[in-house]
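Chemist: Turn this into a model:
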Amino acid sequence: MTEPGGAQDDELLWLMMNGDEEAFAALYRRWQGGIYRFALQMSGSPSAAEDVTQEVFLTLMRDARNYDPGRGSLGAYLYGIARNQVLRWLERGRADVPLSGAPEDGEEAGLPASADNPLGDLTRQETVEAVRRAVLALPPHYREAVVLCDLEEMDYAAAAEVLECSVGTVRSRLHRARGLLLEKLRVSAEKEASLRKLNPARCLI
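Modeler: Numbering: from 1, shown residues only. This next block holds a predicted model:
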């Protein structure tokens, strides 16, 4: 993820705090998509992601003066709020394994749909779903490193701001998380291959 310029964010925040509704709208447009995706990939629940996103921006409106630019960027502040909300949600035991109701079009996953190769598209979509399930199965502290660095494309320094840890810790968690993901995907692929051998008709579904 390429973060918008901090100075511009701070200027918009100052305008928002002085009653400029357009400044708030600009910040919302800039950050809403990434916050929602982060919450969705962390929780597996579109409704939870919507609630988290709404709470992030309600908190921004209510407690904007709590933001200290000396401690990090506005983006890190917003993702930090989202992270805390998601962790509370997970602690209540409400993690959903399937991403039911999540957008399923290939474009969001970076996999354009093709009418010429529906079976290929199905295979790619199955791969995307397998990755989503594997990410959701990770412990939260590994999951958030993968979501921020690999899915949201944050650099290590920005992720460290959000996670309130060192860059070295982010690197370590990400390395461990990627290893766990590869293992989960390997097991999933082997299981799927065994099912196809037992039931060849499954290949035609």
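Chemist: where does the protein have its least confident helix or strand?
Modeler: Scoring the helices and strands of the chain by mean pLDDT, DSSP states H and E places helix 118-137 at the bottom, with a mean of 70.
Chemist: Could you identify the helix or strand that succeeds it?
Modeler: Helices and strands here follow DSSP states H and E; after helix 118-137, the next one along the chain is helix 140-146.
Chemist: Just the buried positions in that next one, please.
Modeler: P140, Y142, R143, E144, A145, V146 (16 or more other C-beta atoms under 10 Å). (Each C-beta comes from the backbone N, C-alpha and C, glycine too.)
Chemist: Could you measure from the nearest residue to the last one once chain neighbours are set aside over to D51?
Modeler: Going back to what we said before, that points to V146. Excluding the flanking residues, the one nearest V146 by C-beta to C-beta, 6 or more residues apart in numbering is A177, at 4.8 Å. Per C-beta to C-beta, to the nearest Å, A177 is found 25 Å from D51.
Chemist: Just list the residues touching the closest residue to L15 other than its chain neighbours, thanks.
Modeler: Computed as C-beta to C-beta, 6+ apart, the closest residue to L15 that is not its neighbour in sequence is A23, at 3.6 Å. A23 is in contact with L12, L13, L15, M16, counting by C-beta atoms under 8 Å, 6 or more residues apart in numbering.
Chemist: host element of A23?
Modeler: Short version, using DSSP H and E: A23 is in helix 21-43.
Chemist: Repeat that for E183.
Modeler: Short version, using DSSP H and E: E183 is in helix 167-198.
Chemist: what separates that helix from the chain centre, distance-wise?
Modeler: Averaging C-alpha positions (C-alpha atoms, centre = their mean, to the nearest Å) puts helix 167-198 18 Å from its chain's average.
Chemist: who touches stretch 72-82?
Modeler: Residues contacting stretch 72-82 (C-beta under 8 Å, 6+ apart): 3-4, 6, 9-10, 13, 27, 31, 34-35, 38-39, 52-53, 55-56, 59-60, 67, 71, 148, 158, 161-162, 164.
Chemist: Distance from the chain centre to that stretch, please.
Modeler: On C-alpha atoms, centre = their mean, the centre of stretch 72-82 falls 14 Å from that of its chain.
Chemist: angle of the helix or strand containing L15 against helix 21-43?
Modeler: Using DSSP H and E, L15 sits in helix 6-17. Put simply, helix 6-17 runs at 110 degrees to helix 21-43, going by axes from the mean of the first three to the mean of the last three C-alpha atoms, to 10 degrees.
Chemist: Could you give the average pLDDT over whichever strand or helix holds L78?
Modeler: If you go by DSSP H and E, L78 is part of helix 74-91. The average pLDDT within helix 74-91 is 94.
Chemist: how about M16, what does it touch?
Modeler: A23, F24, L27, L60, M61, A64.
Chemist: Correction: the previous question concerned L12.
Modeler: So L12 contacts A23, F24, A26, L27 (C-beta under 8 Å, 6+ apart).
Chemist: Can you tell me how far the residue nearest to it when sequence neighbours are not counted is from D68?
Modeler: In space, and not counting its chain neighbours, L12 is closest to A23: 4.5 Å by C-beta to C-beta, 6+ apart. Distance, A23 to D68, using C-beta to C-beta: 19 Å.
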